[in-house]
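Trainee: Here's a sequence, model it:
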Amino acid sequence: MKLFITSFIFLILFLSKTYSNITDFQIEGISIGDKLTDHYDEWQQKNFNSTKVNKGLEEIITFTDSNFKVFDQLQILYYTDSKVIKQISGILEVPILSSVGDGNQWVTKFEACKAKQDKITKEISKLSKFKPKYNDENISDDGSRSLSNDIVLSNDGFAKILCIDTENNNDPSDPVYLFVTVSKGSEKFIASLKKRNIENVESIILDDKNKKKFVNKDKTYALLIANSDYDYWEDLNSPYNDINAISSILKNDYGFEVEILNDADRNTILDKLFEYSGKTTDKDNMLIYYAGHGDIINNNAYWIPKNATKNISSNWLNVNDVNSAISLIKAKDLLVMVDACYQGTAFKSGNKNIIGPSEQTINDEKYYYKMLNIRSAVVITSGNDEAVIDEVVNGHSAFAYKFIEILKNNKNYETSTSMFVKIKKYHANLNQNPNLIRMAVWGDLGGDFIFLKN
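Mentor: Okay, the predicted model is just below:
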């Protein structure tokens, strides 16, 4: 039995757009109005639980899929002849016992279902200008009980969040299910839901003016490393300023969970990278940014930690060790940015001849969601195998200054490749040549790290 999902940021997985037509809403990537055959071929359909209803004109199937990201099962109602989908339900089975609140209160399955139902209802309500319709708990003669909340989502559709318990005896063997259903509704039904709301509310509840075109609910980490105050090397002016400015904008404008390492030694950096290998999952994204001294000896590139001696020693951090540590990080999208000398050939993998998306492409919704769902592992360095400039613009390195400017001026989203092209053009008249390397050895599949503004 699967554990009940306790976080409801998954909502975007089934409500991916906020337009006024119910056919724009999705559950596990499937929309009302799609054809079943668009998603599953006839051979796959033979393995589904199928029941014909409405004199055989309609059919209900219940099935599971290893690609489901949120639900245990889907239940789909579609027209038998045309295969056009009429209604979609995502189904979750509640575990035997679940915790609510601060995690210390243990309740029955049905009570847990109601607690989660309430949270989901609040999340979906954010997509509507109308308040939910909360129904009373219903207990039937056979002891089963149910509780349903209804929310108007568009002028022709609604969502139903339903808890159902087949037995009223809390027997651990009896399942409790939570259904999240997207369905079309009659004008009379939609009107009855709207009447329960405050007066003078606009009738168009999800207009284009309020829609958010690009959405990403992935958790995104940033590890920012600034080495500036050196024991033996010349101190650097810009890393503190760079990292603090980048941290502020990533946290406040992009929703990153940020951690800063200032003046770290070799082991501290490696231990922190190893820590993120256990902290991240394949549903997360991660940015690693290093600002500090770098060097190269006999084709071996190094990050220079705070306590590194001028002559090579065990305190130097070989980029091969960095490479190995980062390769263990499980993030779906991984971007490493290195603002240091002699790093252009430090990471060797894949193609460097990168062309960023056009302005037209970057505003295209299909391109955005395609990149969002393809794994990426990319390194961007501030230079090739040359020294790079420390402080040049307003207390920032040229590399960091342009990165910060791009983040500030972004109106919707930027990708790692589009950002790289802008950074490279900015450096055209400077004595350093930024590089982008796709890291196949880290699992890069041609996707893009995406910076989506709040």
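
Trainee: Okay, now the unreliable bits of this protein?
Mentor: Low-confidence segments of the chain, defined by pLDDT under 70: 1-20, 96-106, 141-143, 166-173, 186-190, 192-214, 342, 344-346, 348-364, 385-391.

Trainee: And the helices in the stretch 151-300 of the chain, which stretches?
Mentor: Secondary structure of the stretch 151-300 of the chain (DSSP state H, counting those that start in this stretch): helices located at 187-194, 239-254, 266-279.

Trainee: hang on, I meant the stretch 1-150 of the chain
Mentor: Counting by DSSP H, counting those that start in this stretch, the helices of the stretch 1-150 of the chain are 42-45, 109-125.

Trainee: Can you list the buried residues in the last one?
Mentor: Yep, that's helix 109-125 we're talking about. 109-118, 120-121, 123-125 (16 or more other C-beta atoms under 10 Å). All C-beta atoms are positioned from the backbone trio N, CA, C, and that covers glycine.

Trainee: Please apply the same query to the first one.
Mentor: Counting neighbours by 16+ other C-beta under 10 Å, one finds that the buried residues in helix 42-45 are Q45.

Trainee: ok, and what's touching it?
Mentor: L36, I61 (C-beta atoms under 8 Å, 6 or more residues apart in numbering).

Trainee: So A340 is in contact with H293, correct?
Mentor: Yes. Using C-beta atoms under 8 Å, A340 is in contact with H293, at 6.3 Å.

Trainee: Tell me which of the two has more neighbours.
Mentor: Set A340 next to H293 and count neighbours by other C-beta atoms under 10 Å: A340 wins out with 27 against 23.

Trainee: how close does the residue lying closest to that one once chain neighbours are set aside get to N252?
Mentor: With C-beta to C-beta, 6 or more residues apart in numbering as the measure, G294 is the residue that lies nearest to A340, at 3.1 Å, once sequence neighbours are left out. Distance from G294 to N252, counting by C-beta to C-beta, to the nearest Å: 29 Å.

Trainee: More neighbours: which of the two?
Mentor: Between G294 and N252, counted using other C-beta under 10 Å, the more crowded position is G294 (25 against 11).

Trainee: wait, what's in contact with the more buried one?
Mentor: Counted by C-beta under 8 Å, 6+ apart, G294 has contacts A301, Y302, W303, I304, V338, A340, C341, Y342, Q343, A346.

Trainee: Show me just the buried residues among those residues.
Mentor: Of those, these count as buried by 16+ other C-beta under 10 Å: A301, Y302, W303, I304, V338, A340, C341, Y342, Q343, A346.

Trainee: need these in a markdown table with secondary structure and distance to N409, can you?
Mentor: As requested, the buried ones among the contacts of G294 are exported to a markdown table (DSSP: H, G, I helix; E, B strand; the rest coil; distance: C-beta to C-beta, whole Å):
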| residue | secondary structure | distance to N409 |
| --- | --- | --- |
| A301 | strand | 32 |
| Y302 | strand | 34 |
| W303 | strand | 30 |
| I304 | coil | 32 |
| V338 | strand | 23 |
| A340 | coil | 25 |
| C341 | coil | 28 |
| Y342 | coil | 30 |
| Q343 | coil | 26 |
| A346 | coil | 29 |
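
Trainee: Dump those into CSV; add distance to F274 as well.
Mentor: Converted to CSV, the buried ones among the contacts of G294 look like this (distance: C-beta to C-beta, whole Å):
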residue, distance to F274
A301, 20
Y302, 19
W303, 15
I304, 20
V338, 19
A340, 21
C341, 25
Y342, 25
Q343, 21
A346, 19
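
Trainee: Among these, which one sits closest to L92?
Mentor: Taking C-beta to C-beta as the measure, V338 is the one of these closest to L92, at 42.7 Å.

Trainee: wait, isn't that closest one in contact with V378?
Mentor: No. If you go by C-beta under 8 Å, V338 and V378 don't touch, sitting 11.5 Å apart.

Trainee: what about T51, how many residues close to it?
Mentor: 10.

Trainee: Which residue is the nearest non-sequential neighbour of it?
Mentor: Leaving aside its chain neighbours, T51 sits nearest to I60 (4.8 Å; criterion: C-beta to C-beta, 6+ apart).

Trainee: Look up how far L147 lies from the one you found.
Mentor: In terms of C-beta to C-beta, I60 sits 22 Å off from L147.

Trainee: quick revisit: just the contacts of G294 now: which is nearest T281?
Mentor: V338 (24.5 Å).

Trainee: Across the sheet, point out what pairs with the closest one.
Mentor: Y290, T381 (DSSP bridges).

Trainee: wait, what's in contact with it?
Mentor: V338 neighbours (C-beta under 8 Å, 6+ apart): Y289, Y290, G294, W303, A346, V379, I380, T381, S382.

Trainee: again with D65
Mentor: With the criterion set at C-beta under 8 Å, 6+ apart, D65 makes contact with E28, L74.

Trainee: 7 Å - rerun?
Mentor: Contacts for D65 were tallied using C-beta atoms under 7 Å, 6 or more residues apart in numbering; there are none.

Trainee: do the same with the one 10 residues further on
Mentor: When the contact criterion is C-beta under 7 Å, 6+ apart, the partners of Q75 are I60, T62, S89, I91.
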